[in-house]
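1. predicted coordinates and the sequence they were generated for:
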Amino acid sequence: MDYHILKKYRYTNRNQFESIYSSRYENELVLHYDFEIHGFPCFSLPTTEILNLTSRIYKLTQTLIYLKSKLPQIALEQYTQTCLIDEVKLTNEIEGVNSTRREIQDILNTQSITQKNMRLYGLVQKYNLLKNSEKISIHNCSDIRNIYNELVSEEIKNNDPLNLPDGIFFRKKSVSVYSPHMKEIHRGISGETEIIACMEKALFILHNKSIPPLIRISVFHYLFGYIHPFYDGNGRTNRFISSYLLSKELEPLISYHLAKTIKQNISKYYKSFDYTNDTDNRGDLTGFITNFLEIILASIETLIDSLEDKIERLHYFERILLSNFKDKTDYGILHLLLQNSLFGLEPLSAREIAEMLDKSYVTINNRLKKDSIKTLLRSDIPHKYDLDLDLLKTL
C-alpha cells in the first residue's frame, strides 16, 4: 500500500483524516522526535519503501566502492576532483550564486587564498576535506556557526554584509522563504533563543544512535531547512552538512553528488519541504525521509552508471595502446592522458605529466614531440595536452 502524505487525506477523505493521523502517530513502530512543527510533535514510520531504499543504498554503496577499486590511481583522483568541482558549482547554482569550474579548479590547484578567490575559498576547501575522511565536529550551535563561517560567510560579506548573522550564533530577526512569484512559502523559526533551542533538539536527533543513520541524516536535513538559522547561506550549509554525514556513513564520492542530484530533482526537493511544513501534515516526516533517500539512491545510481561506462571505455582504449605502444615511457604518457581524457576536466601540461610519471620535464617534452604520440594529441589550450580518443580508435 502506498504511503500518502497526510495533507492529501484532508481533502480526499476528511471524515477519516483524524483516524488516519492517530493510527500513524500511535503505531507501535513509529519513531517519535522531540521537535514540533506548528505545534505537532514530529514522527515517522519505517515504511516498506523506506526499508527498501535504505537496503538498496547500502548495497549499491558496496558496488560503488568496488568500481572505485578498479580505477587506476590517477583516474580516481581526476574523477573525484571533477565530481568535487561540479558539486561546489551546483550547490552555489541552486542558490543563484555564480561560480565557474575554472575558479574552483584554480583554488584546488594553488591551495592558497587570494583576494580574487576569497569568496569561494572556504567552500572549496571544506568540500576538499571530505575526500580525505577528515573529521568535522557537528555537535552544538557553535559547530554549526563555524561551518557556516568557513563555507559561505566571506561570499555573503562581499555580496550583502547585512545578511551576515547578527546573533551569537544565528540570526536575531525573522526571515522568510519566497516563491519566484514572491509568495511566502516558509517562515523560519523566530528569535535566536528559539533557533538555538530548536537547533539543539535537531542535533540531539542527529546523534541519537537508536535511530537508523540514514533516517537521522534525512530528518536533520529537513529540520535545518525548517529552522532556517541564517539570513542567507542556509541551503549551502545544509547540503554540505548532509554531504559530510553521507561521506562518513556511506562513501566520500557520494558526498560529491548530492547537490547535482538535488538540482536535477529541484522541484520535487522543494515540494517535499513545502508539504512537510504544512500544518495539515501534522509533523509527519515520513514523506520527506522517503524523498531524501530517493535522492541519495539516485546519486549513487548515477555514479555507478558513470563509472561503469568510463571503466569500459578505459579498458577498450588500454587494449589499443598496449597493441601499438611497446615503449614503457610512451605507453605511460598516453595511458596517463587517456585517464585524464576520460576522468578529468582539463588537459595536462608537460610539467604536470612529468610530475605524475616521475620523469624529467625534458624527457616528457621530447616524447610529446614524437610523431607517433603527437598525432594522437589534442592541444586546444597552448602547452596543454589531451588524447584524441576518436583518432585513437582508428589505430
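-> Yes, it's here.
2. so the chain: which segments form each domain?
-> When the chain is parsed with automatic domain parsing, its domains come out as 31-305, 325-393.
3. now the ones you listed as JSON lines including mean pLDDT, mean neighbour count and distance to Glu18?
-> In short, each C-beta sits where N, CA and C put it, glycine included. What follows is those, written out as JSON lines (pLDDT from 0 to 100; neighbours: other CB atoms under 10 Å; distance: least, CB to CB, whole Å):
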{"stretch": "domain 31-305", "mean pLDDT": "93", "mean neighbour count": "18", "distance to Glu18": "10"}
{"stretch": "domain 325-393", "mean pLDDT": "94", "mean neighbour count": "17", "distance to Glu18": "55"}
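4. turn these into a markdown table, columns for distance to Phe317.
-> Formatted as a markdown table, the domains of the chain follow (distance: least, CB to CB, whole Å):
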| stretch | distance to Phe317 |
| --- | --- |
| domain 31-305 | 12 |
| domain 325-393 | 5 |
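5. and Ala259, that one's in a helix?
-> Yes. Remark: Ala259 belongs to a helix, assigned using DSSP: H, G, I helix; E, B strand; the rest coil.
6. that one and Glu87 touch, don't they?
-> Yes. Applying CB atoms under 8 Å, one finds Ala259 in contact with Glu87, separated by 5.2 Å.
7. quick one: secondary structure of Tyr33?
-> Going by three-state DSSP: Tyr33 is strand.
8. which residue is the nearest non-sequential neighbour of it?
-> Cys42 (4.1 Å; CB to CB, 6 or more residues apart in numbering).
9. the one you found: what's it in contact with?
-> His32, Tyr33, Phe35, Glu36, Val219, Gly283, Asp284, Leu285 (CB atoms under 8 Å, 6 or more residues apart in numbering).
10. 6 Å instead?
-> Tyr33, Phe35, Gly283, Leu285 (CB atoms under 6 Å, 6 or more residues apart in numbering).
11. so where does it fall, helix or strand?
-> In the assignment (DSSP states H and E), Cys42 maps to strand 40-44.
12. same check, this time on Val362
-> Going by DSSP H and E, Val362 is in helix 361-368.
13. now do that helix: everything it contacts.
-> Ile333, Ala350, Arg351, Ile353, Ala354.
14. and what of stretch 120-135?
-> Contacts for stretch 120-135 (CB under 6 Å, 6+ apart): 80, 84, 88, 99, 103-104, 107, 113, 150-151, 154, 247, 252, 255.
15. list the ones among those that fall in helices.
-> Thr80, Leu84, Val88, Glu103, Ile104, Ile107, Glu154, Ser247 (DSSP state H).
16. quick one: the third one and Ile104 touch, right?
-> I take that to be Val88. Yes. Taking contacts as CB atoms under 6 Å, Val88 lies within contact range of Ile104: 5.1 Å.
17. ok so, going back, closest to Val175 among the contacts of stretch 120-135?
-> Leu151 (17.9 Å; CB to CB).
18. quick one: contacts for the closest one?
-> Gly122, Leu123, Lys126, Thr237, Phe240 are the contacts of Leu151 under CB under 6 Å, 6+ apart.
19. now with 8 Å, please.
-> Gly122, Leu123, Lys126, Gly233, Arg236, Thr237, Phe240.
20. and what of Glu95?
-> Contacts of Glu95 (CB under 8 Å, 6+ apart): Gly233, Gly235, Arg236.
21. would you mind measuring from the nearest residue to Glu184 once chain neighbours are set aside to His186?
-> Distance criterion CB to CB, 6+ apart; nearest residue to Glu184, sequence neighbours excluded, is Ser176 at 4.9 Å. For Ser176, the distance to His186 equals 7 Å [CB to CB, to the nearest Å].
22. what's the longest helix in the protein?
-> The chain, longest helix under DSSP H: helix 286-324.
23. just the strands in the chain please.
-> Along the chain, counting by DSSP state E, strands occupy 31-37, 40-44, 176-178, 184-187, 348-349, 377-378, 384-387.
24. relative orientation of the first one and strand 40-44 in degrees?
-> With axes from the mean of the first three to the mean of the last three CA atoms, to 10 degrees applied, the angle from strand 31-37 to strand 40-44 works out at 140 degrees.
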